[in-house]
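Peer 1: Structure of the sequence below:
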Amino acid sequence: MSDIITQYLQTIDYVAVLNSALNEIFRRRSEINLETTYNFERSLRRYMRAVESFCVILLPSLRDDEAGELIKKARNNGVNWKTVELLDKAVEKLLRRLDQRKILIKAKFLEVGRSDLSFDEEDLLSS
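Peer 2: Coordinates of the predicted model:
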């Protein structure tokens, strides 16, 4: 009896991974809760973890040193609104870097017609 070895080839769409991580950042940012100190601290820490996780999955060539410094400052800043602002600035810098590299939005050109063709009524009726 022969053993059959099956190998599965799996590819990972890096842009999809980045988009998923960005969605998590945006979700955590929108969930920052100012009702109580406890809720604010908890939601801020979740936002910080989402931003830090995003930086971890970025390729070294896509990382931004200034954004990394802002994240470090945010971590050492404590639980206050200034920390949120530092993280927001870090995310903005990372988005700019990805935009410069054209990572998130892929442009595709689709030719939908030709300008050198002309039709008259007879052409349309004969077909």
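Peer 1: List the contacts of the helix or strand where Ala67 lies.
Peer 2: For Ala67, the host element (DSSP states H and E) is helix 65-77. Residues outside helix 65-77 that contact it (Cβ atoms under 8 Å, 6 or more residues apart in numbering) are 48, 51-52, 55, 83, 86-87, 89-91, 93-94, 97. Using the backbone N, CA and C atoms, a C-beta is placed for each residue, glycine as well.
Peer 1: Go through the residues you listed and name the one nearest Leu34.
Peer 2: Thr83 (13.0 Å; Cβ to Cβ).
Peer 1: The closest one sits in which helix or strand?
Peer 2: For Thr83, the host element (DSSP H and E) is helix 81-100.
Peer 1: likewise Ile5?
Peer 2: Here Ile5 is assigned to no helix or strand, by DSSP H and E.
Peer 1: for Tyr38, same thing?
Peer 2: Using DSSP H and E, Tyr38 maps to helix 37-57.
Peer 1: Would you indicate which residues of that helix are buried?
Peer 2: Neighbour counts using 16 or more other Cβ atoms under 10 Å place 40, 43-44, 46-48, 50-51, 54-55 of helix 37-57 among the buried residues.
Peer 1: Listing request: residues of this structure with sub-threshold pLDDT.
Peer 2: 1-3, 6-10, 105-127 (pLDDT under 70).
Peer 1: repeat that with 90
Peer 2: The chain contains residues with pLDDT under 90 at 1-16, 101-127.
Peer 1: could you say what helices and strands the helix holding Tyr38 packs with?
Peer 2: Other elements packing on helix 37-57 under the criterion 3 or more Cβ pairs under 8 Å, 6 or more residues apart in numbering; DSSP states H and E are helix 14-30, helix 65-77, helix 81-100.
Peer 1: if we can go back for a sec, is it possible to export the contacts of helix 65-77 to CSV including distance to Ala74?
Peer 2: What follows is these, written out as CSV (distance: Cβ to Cβ, whole Å):
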residue, distance to Ala74
Met48, 6
Val51, 8
Glu52, 9
Cys55, 12
Thr83, 5
Leu86, 4
Leu87, 5
Lys89, 9
Ala90, 7
Val91, 11
Lys93, 12
Leu94, 13
Arg97, 18
